[in-house]
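>>> Give me a 3D structure for the following:
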Amino acid sequence: MLSTGNRIPSKRMVYTFNEKGGVGKTTCARGLLEIYRKLNINCLAFDADERSAQLYRYYNNNNLPVKKINIFKIGEYDALLNDLHDEEPDVVLVDLPGTSGEAFEQMEKELALFEQARILKYRITMVVVMSRTKDSVDALEKLMEYCSERQQDIDYVAVLNLFFGEDKKFTRWTNSELKKTFERAGGIEIKMPELYEEMYDFIDRENLTFSEAANSSNTTFTNRSRAFRWLEEFEKELKKASSFLGLEFAAKSSNEVSAISATSFDASSGSSSAADTSDSLSITIPNAPSDSSAPKALEQPANTKSNKKGR
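The predicted structure follows:
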C-alpha cells in the first residue's frame, strides 16, 4: 500500500506527450488509466487524439467515461478546465496526440492553462514517452524549453518504451546533455515493458483493456499471462514516479484496502490468489477463466517472431 504519512499529495494534471507519433503514448496512457481505476483513484481522463481515440475506445464506459477534446480547435478544449473546476478530481489524465506540440502551446497560452492549474491547486506532470530516435529526444527538449520560458515549475517523467529495444540501446538519450538537464530538473526515468506483438494485436482487435486480456477465454493461456505480467511490470515502474503521477491518492480510496487488495496470476494454474500488498502497489485482476472456457494450457502461438511496428 502506498503511504504519504502526514504529507498531503499534490493533485495532478498528467499529460502523455511526444511530438513524434508512434512512440507508445497511448499505450502508456492506457496502462496509467487502468492502474488509476484499479486503485479507485478519483481520476478524469481525456483523449485528445481526434484521429485515433484509442484511450476512449478501450476505456470509455457509462460509469467511468473518457471524454474527447480537440486541442486543435479553439473552444473545443474548454471542457478540460471546466471539468477540472467543477468536479475537482485528484488526478486528470490527458492523452495528447502526436504532432500536437504547437497546438498544446496554443491551448496553454489561450487558456492560461499552467496558471489556471496552479490556481485550482493542481501540479502538472508531463509524461514523455520515448523511442530511440533523435526526434523523440528533441521533443522532450523543446517541451522543457517551452515550460522554462513560461517560467513554470513542471514535473517530468521520461518513459523509455522497451518495444524499441533494451534500455541500454537508448544511447541518444543516455548520452545526451538533455538527460543531465532533465535530472537536474528532478525528472524521473522509468521503463515501459514490451508487450508481445501477438498479444498487442489481439487486445487491439478485441478492444480490450489489459486486465480484460489477462482473463480472456479467446486467447492462449500464455498470452493471458503475458498481458498480466506486462501490467504488473509497468505498475512497478510507475511506482518509481508515484508522487508525480498521483498514485499516492490510492491511500484515500475507500477503506484503503479494498481498492488495493491484490490477486496474483498463478502461471502454473491460470488462477488468481491473494497477494501480499505490504510493499508493492498491487492491481486487482479478475479471476482467470475456468477450465471449461480456457484455451489449452501452455499453448504457444504458432508464430513467435516479433514484428516490430509502431504503437
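>>> going forward, measure contacts between C-alpha atoms and count neighbours the same way
Noted.
>>> can you give me the strands in the chain?
Secondary structure of the chain (DSSP state E): strands located at 11-17, 43-47, 66-68, 91-95, 122-130, 155-161, 188-192, 263-265, 272-274.
>>> how about those strands, which one is nearest Ser211?
strand 263-265 (10.8 Å; C-alpha to C-alpha).
>>> Please state the mean pLDDT value computed over the closest one.
For strand 263-265, the mean pLDDT works out to 40.
>>> Please apply the same query to stretch 48-68.
Here the average pLDDT along stretch 48-68 is 87.
>>> And it, what's buried?
Neighbour-count burial for stretch 48-68 flags 48-49, 53-56, 58-60, 66-68 (criterion: 16 or more other C-alpha atoms under 10 Å).
>>> Then stretch 98-108?
98, 100-101, 103-107.
>>> tell me the mean pLDDT over it?
On average, stretch 98-108 scores 87.
>>> ok, residues contacting that stretch?
Residues outside stretch 98-108 that contact it (C-alpha atoms under 8 Å, 6 or more residues apart in numbering): 17-22, 71-72, 74, 77, 113-114, 143.
>>> most surrounded residue in those residues?
Most neighbours among the contacts of stretch 98-108, by other C-alpha atoms under 10 Å: Phe17, with 31 neighbours.
>>> since we're on the residue nearest to it when sequence neighbours are not counted, how many residues are nearby?
Among residues not flanking Phe17 along the chain, Val128 sits closest, at 4.8 Å (C-alpha to C-alpha, 6 or more residues apart in numbering). Other residues lying near Val128 total 26 when counted by other C-alpha under 10 Å.
>>> got any ranges where this protein has weak pLDDT?
1-7, 251-311 (pLDDT under 70).
>>> can you give me the helices in this structure?
For the chain, helices defined by DSSP state H occupy the ranges 25-38, 54-59, 79-87, 101-111, 113-119, 134-149, 171-174, 177-184, 197-206, 210-213, 221-239, 242-245.
>>> To Phe163, which of the ones you listed lies closest?
When the helices of the chain are ranked by proximity to Phe163, the top entry is helix 197-206, at 9.3 Å, counting by C-alpha to C-alpha.
>>> next one: the closest one to chain centre, how far?
Remark: helix 197-206 is offset 18 Å from the chain centroid, using C-alpha atoms, centre = their mean, to the nearest Å.
>>> How about stretch 78-95?
The answer for stretch 78-95 is 17 Å, by C-alpha atoms, centre = their mean.
>>> Give me the contact list for that stretch.
11-17, 25-26, 29, 33, 41-49, 55, 69, 113, 116, 120, 246, 249.
>>> In contact with Val159, which residues?
127-130, 189-192 are the contacts of Val159 under C-alpha under 8 Å, 6+ apart.
>>> ok, now with 7 Å
Shown in contact with Val159 (C-alpha atoms under 7 Å, 6 or more residues apart in numbering): 128-130, 189-192.
>>> which among these gets closest to Glu232?
For the contacts of Val159, the closest approach to Glu232 (C-alpha to C-alpha) belongs to Met192, at 10.9 Å.
>>> Might one say that that closest one is in contact with Asn161?
Yes. Using C-alpha atoms under 7 Å, Met192 is in contact with Asn161, at 4.9 Å.
>>> if I read this right, Asn18 contacts Ala139, doesn't it?
Yes. Contact criterion C-alpha under 7 Å: Asn18 and Ala139 qualify, at 5.9 Å.
>>> one step back: now tabulate the contacts of Val159 in a markdown table and tack on distance to Phe170.
Below are those laid out as a markdown table (distance: C-alpha to C-alpha, whole Å):
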| residue | distance to Phe170 |
| --- | --- |
| Val128 | 14 |
| Val129 | 12 |
| Met130 | 9 |
| Glu189 | 12 |
| Ile190 | 13 |
| Lys191 | 11 |
| Met192 | 13 |
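>>> quick one: which of the residues you listed is nearest to Glu177?
Glu189 (14.9 Å).
>>> any idea how far the closest one lies from Glu235?
Distance of Glu189 to Glu235, computed by C-alpha to C-alpha, to the nearest Å: 14 Å.
>>> quick revisit: residues contacting the residue nearest to Phe17?
Contacts of Val128 (C-alpha under 7 Å, 6+ apart): 16-18, 140, 157-159.
>>> Nearest to Arg37 among those?
For these, the nearest to Arg37 is Thr16 (17.1 Å; C-alpha to C-alpha).
>>> Tell me what the closest one is bridged to.
Asp95, Val127 (DSSP bridges).
>>> what number of residues lie near the closest residue to Cys147 other than its chain neighbours?
If the residues on either side of it in the chain are set aside, Cys147 comes closest to Ile154, at 7.1 Å by C-alpha to C-alpha, 6+ apart. Ile154: 17 surrounding residues under other C-alpha under 10 Å.
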